[in-house]
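[1] Fold the following for me, if possible:
(chains A and B)
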Amino acid sequence: MTSIGTGYDLANSIFSPDGRNFQVEYAVKAVENGGTSIGIRCKDGVVLAVEKVITSKLLKQGANKRIATVDRHLGVVYSGMIPDGRHFIDRARDEARSWRDTFKNPIPTADLASRMGGYMQAYTLYQSVRPFGITAIVGGWDSELESGVDGEVGRGPSVGAGGKTPGKKYGGPFLYMIEPSGLYWGYYGAATGKGRQAAKAELEKLDLSADGESSLTLEEAVKEAARIIYVAHDDNKDKDFELEMSWISGADGPTKGFHQEVPKALREEAERLAKKSLEDEDEEEEKKEDDKMEE
Amino acid sequence: MEFGNSGSLSEDGIHVDMDRLKKGEVNLGTSIMAVTFKDGVILGADSRTTTGAYIANRVTDKLTRVHDTIWCCRSGSAADTQAVADIVQYQLSLFAMTNGKPPTTQTAASIFQEICYSNKDRLSAGLIIAGWDERYGGQVYSIPLGGSLHKQSYAIGGSGSTYIYGFCDSNWKEGMEEADAVNFVKEALKEAIKWDGSSGGVIRMVVLTGKGADRHLYLPDTDYKVRHT
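    Now for the predicted structure:
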């Protein structure tokens, strides 16, 4: 590494002469060693999934969750240093709470991403701190229904409010990824951690960009998410892992606007399909190789 | 048992000092209202400001902008309500900048409520918040003295409002046309001004719709018949 020995990597608040912050780049390395996390935004919801690498046989199965609920409608998953992620989630919960205190309404996903992006960025500025060793994926559903002020009394006109702009839709699924530099973008599909390259390649094959009829449904997205985590794990076969998944749908979907863990039955079905799809691929490859032998 | 009028709760914790204003403090002994209609909301107010029996201002503007299409009607202490409206105006302009979209009436109402509730023993402010936004259309919220928040199809407030509860109840219709709603507000305020000694002067209105804010002014000289600009 060209940065070593130059002295420009010794503290956060020092730029190298070519305009880089090496401490941030080292933090990205910490992320690249972590278990793969992905997020998929589809037309009727968001799915978050993480490859939880088993570090000890003494750990209880299914305990030690990696996906956190930040507010009723918001979930966060991350790759990298787990204690840093726990602190990130604490802060995200504080931000969501403080938004509710002032505006008496749930925080929109975009605003949470913006605030957490700002928080991560602050940790790249000072001598006394180090950057976060995580990349976080934030998924949320902003209510498509009309919401009042928390605690208000009364309803307004029985005929409904006048002067609304007709035909416009509001709210919906949102997905953001925040990196150690504080950089954040909105995504249709996001992947980070060790298997991100393979995962991104798979995500790009999905039809996520359109909101129309042809695009992926939430249940399909759950199955794709499971498959992608299995594909991404394929290069790291020697280590065991657990799959953890959560989802968020709109008010008329399975989670009714809440961030929840994917039910066990659906997760197991998704895992079964994921394993089957991997086996099928292996078989095909074997066949190809057989063909070559025959040549 | 005797009850003091020191400005804080009396010993029994029930009887509240009704004479909250300081000696000589400027009061908006007022008639204010806001109504929803087909395309948005209308706010209306008289224009009298008093210091005791003396009229400190006969052409006051009690309709205050806190964002482009979110306004409030102020009653109670002029100083308190101006200060609160200023704070909310600042918060909403900041909100619009940081979020890249205009605030909703709910956002404005919740900021108003937080200030009114958390300072309830220091403020004398009765507010009506009315606004139009793209998503929720026209809405009216009322925040009376204690700092509670009420969503209503129309709201009346101030000392003059006591005289027009009957008028409003029997003449109110939901989803009126703009001209009918303007007329409803005007007739109600005329009645309030007629009976309430602390209300008077001109009638001011603001119509908030998707087209923005439109001000109306009606003078007593022409019996509030002609719209001046």
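
[2] Run a quick neighbour tally on residue 26.
    Just going to use chain A. 16 (other CB atoms under 10 Å in any protein chain shown). Heads up, the C-betas are built off the backbone N, CA and C, glycines and all.

[3] please go with chain B instead
    B:V26: 18 surrounding residues under other CB under 10 Å.

[4] Skipping its backbone neighbours, what lies nearest it in space?
    B:A78 (4.4 Å; CB to CB, 6 or more residues apart in numbering or on different chains).

[5] which parts of the stretch 51-200 of chain A sit against chain B?
    Proximity of the stretch 51-200 of chain A to chain B (CB under 8 Å from any CB of the partner chain) is limited to residues A:101-105, A:111, A:114, A:146-165, A:168, A:170.

[6] Restricted to buried residues, select the residues you listed in ChimeraX.
    Buried subset of these, written as a ChimeraX selection, criterion 16 or more other CB atoms under 10 Å in any protein chain shown:
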select /A:103,104,105,111,114,147,148,149,152,156,157,161,162,163,164
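
[7] got a list of what the residue nearest to B:V26 touches?
    By CB atoms under 8 Å, 6 or more residues apart in numbering or on different chains, the residues touching B:A78 are B:26-28, B:49.

[8] Just among those, which is most surrounded?
    Neighbour max across the contacts of B:A78 (other CB under 10 Å) = B:L28, 32 neighbours.

[9] For A:N64, see how far away that residue is.
    Distance of B:L28 to A:N64, computed by CB to CB, to the nearest Å: 60 Å.

[10] Next, count neighbours for residue 145.
    This is for chain A. Count around A:L145 with other CB under 10 Å applied: 10.

[11] that's the wrong chain, I wanted chain B
    Per other CB under 10 Å, the neighbour tally for B:L145 reads 16.

[12] before we move on, what about A:A221?
    A:A221: 27 surrounding residues under other CB under 10 Å.

[13] after the strand or helix carrying it, next one along is what?
    Per DSSP states H and E, A:A221 falls inside helix A:218-233. Per DSSP H and E, the first helix or strand lying C-terminal to helix A:218-233 is strand A:241-249.

[14] Quick one: distance of that next one to the chain centre.
    When C-alpha coordinates are averaged (CA atoms, centre = their mean, to the nearest Å), strand A:241-249 and its chain have centres 10 Å apart.

[15] try stretch A:147-161
    Remark: stretch A:147-161 is offset 34 Å from the chain centroid, using CA atoms, centre = their mean.

[16] May I have the distance across it, first residue to last?
    Stretch A:147-161 has an end-to-end distance of 13 Å (CA to CA, to the nearest Å).

[17] What's the mean pLDDT across it?
    Mean per-residue pLDDT for stretch A:147-161: 88.

[18] Other residues contacting that stretch?
    When contacts are defined by CB under 8 Å, 6+ apart, stretch A:147-161 is touched by residues A:100, A:104-106, B:36, B:106, B:109-110, B:113, B:136-141, B:148-153, B:174-175.

[19] Kindly list the single helix or strand of chain B that scores lowest on mean pLDDT.
    Taking mean pLDDT, DSSP states H and E as the measure, the helix or strand of chain B with the lowest value is strand B:27-28, at a mean of 74.

[20] ok now that one, how far from the chain's centre?
    For strand B:27-28, the distance to the chain centre is 12 Å (CA atoms, centre = their mean).

[21] Report the mean confidence score over the next helix or strand after that strand.
    The helix or strand immediately downstream of strand B:27-28 is strand B:32-37, counting by DSSP H and E. In this model, strand B:32-37 has a mean pLDDT of 97.

[22] What is strand B:32-37 packed up against?
    strand B:40-45, strand B:70-77, strand B:125-133, strand B:137-143, strand B:154-157, helix B:178-195 (3 or more CB pairs under 8 Å, 6 or more residues apart in numbering or on different chains; DSSP states H and E).

[23] neighbouring strands for the first one, and are they parallel or not?
    So that's strand B:40-45. Partners of strand B:40-45 in the sheet, by DSSP bridges, are strand B:32-37 (antiparallel), strand B:203-209 (antiparallel).
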